[in-house]
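>>> Give me a 3D structure for the following:
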Amino acid sequence: MRVFHVVSKVGRRIAAVQMTADPRGRAETIKKALKFVDEAASRKASLVVLPEVFNMNYSDFVGKYDTKIYERAESIPGPTIDMVAEKARRHGIHIVAPIFEKAMAGEYYDTAALIGPDGNVMGRYRKTHIPGFGIWLERFYFRPGSEHNVFKTPLGTLGMLVCWDRHFPENWRILTLKGAELIVVPAAIPRFDVETVEYVTRTRALENGVYAAMACRPGNEGSIKYTGSSVIVGPSGKILAKAGIEEETVIYADIDPKEIENARLEKPFLRDLRSELFGGISA
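Below is the predicted model of the structure:
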């Protein structure tokens, strides 16, 4: 599948990195990710999004429960985040870096850290909806988060979700009502769900009048095949950039705040929303 990019004259650029773990281990995986960050920065991206638990094999959480996997968790800040933070500081950009987070002994999360252009951690999002069925054992390893925070960036107000969270429209709506204009979703999605990457992202972007970006894993890790198909979607539901299934790459699109306003005027879902009918979902 062709990788394509849309660049506007007005917007501010986001980059979604599509990569998988290096078979040689964590050090090489991080090195590869940082090269993609360098590439994105050279293309004038001001926000770079890495895939879910980017610095290790997602397949570690699949198959058979193994307590040794907890040894691969890190704190925030910590070794991996410190290296990413140095790149953010060097390039003066924002980076979303998702890792297996150790909050304390016995408390672990699937967490996306937002690092600012000064190299400091601006905040984090801990995956709120944790799958646990069949061979997918995330629920054994991750405690669910409970907060939907938003963050001010030069691209607009940013919200974060992680992978399985995308299937719950309440996540998107809560972030939107808190002011999110761009919602990013680092992910590691099994190949059988490939069609959902595009249609869920497009639907959620349209429903909320937000930009949405999925940064996914491509190809294979052992017996696990991934979707790839990373995508950036505009607030009207239009695809702005998309990757193929197999390749490691970076996709780009520019954010134009005027397009958010136009989309919300064209389809005034937020004006017509009756939150009081649905359990009082509100900002």
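>>> buried ones in the longest strand seen in the chain?
Longest strand in the chain by number of residues (criterion: DSSP state E): strand 94-104. Of the residues in strand 94-104, 94-102 count as buried by neighbour count, 16 or more other Cβ atoms under 10 Å. Every C-beta, even on glycine, is put in place using the N, C-alpha and C of the backbone.
>>> Repeat that for stretch 189-207.
The neighbour-count check on stretch 189-207 (16+ other Cβ under 10 Å) flags 189-190, 193-194, 196-198, 200-207 as buried.
>>> who does the nearest residue to Ala73 once chain neighbours are set aside bridge with?
Among residues not flanking Ala73 along the chain, Lys102 sits closest, at 3.8 Å (Cβ to Cβ, 6 or more residues apart in numbering). Lys102 has the following beta-bridge partners by DSSP bridges: Tyr108.
>>> Contact partners for Lys102?
70, 73-75, 78, 108 (Cβ atoms under 8 Å, 6 or more residues apart in numbering).
>>> Can you tell me the SS state at Glu39?
At Glu39 the chain is in helix, as set by DSSP: H, G, I helix; E, B strand; the rest coil.
>>> Check Thr227 and give its pLDDT.
Here the pLDDT value assigned to Thr227 is 98.
>>> Would you check how far apart it and Trp172 are?
19 Å (Cβ to Cβ, to the nearest Å).
>>> got it, and Tyr252?
From Tyr252 to Trp172 the distance is 22 Å (Cβ to Cβ).
>>> and if you look at Lys32?
30 Å.
>>> Validate this expectation: Ala253 resides in a strand.
Yes - looking at Ala253 with three-state DSSP, it is inside a strand.
>>> For it, grab the count of nearby residues.
Neighbour count for Ala253, taken as other Cβ atoms under 10 Å: 26.
>>> Mind listing the residues bridging to it?
Assigned bridge partners for Ala253, using DSSP bridges, are Val6, Ile14.
>>> circling back: any idea how far Ala21 is from the residue nearest to Ala73?
From Lys102 across to Ala21, the span is 19 Å (Cβ to Cβ).
>>> do the same with Glu198
When Glu198 is compared with Ala21 (using Cβ to Cβ), they lie 24 Å apart.
>>> re earlier: filter the contacts of Lys102 down to the buried ones and hand me the ChimeraX line.
Here is the ChimeraX command that picks out the buried ones among those, judged by 16+ other Cβ under 10 Å:
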select :73,74,108
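>>> Just put the contacts of Lys102 in a markdown table and tack on distance to Gly123, pLDDT and secondary structure.
Shown next, in a markdown table, are the contacts of Lys102 (distance: Cβ to Cβ, whole Å; pLDDT from 0 to 100; DSSP: H, G, I helix; E, B strand; the rest coil):
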| residue | distance to Gly123 | pLDDT | secondary structure |
| --- | --- | --- | --- |
| Tyr70 | 24 | 98 | helix |
| Ala73 | 19 | 98 | coil |
| Glu74 | 17 | 98 | strand |
| Ser75 | 15 | 98 | coil |
| Gly78 | 16 | 98 | coil |
| Tyr108 | 18 | 98 | strand |
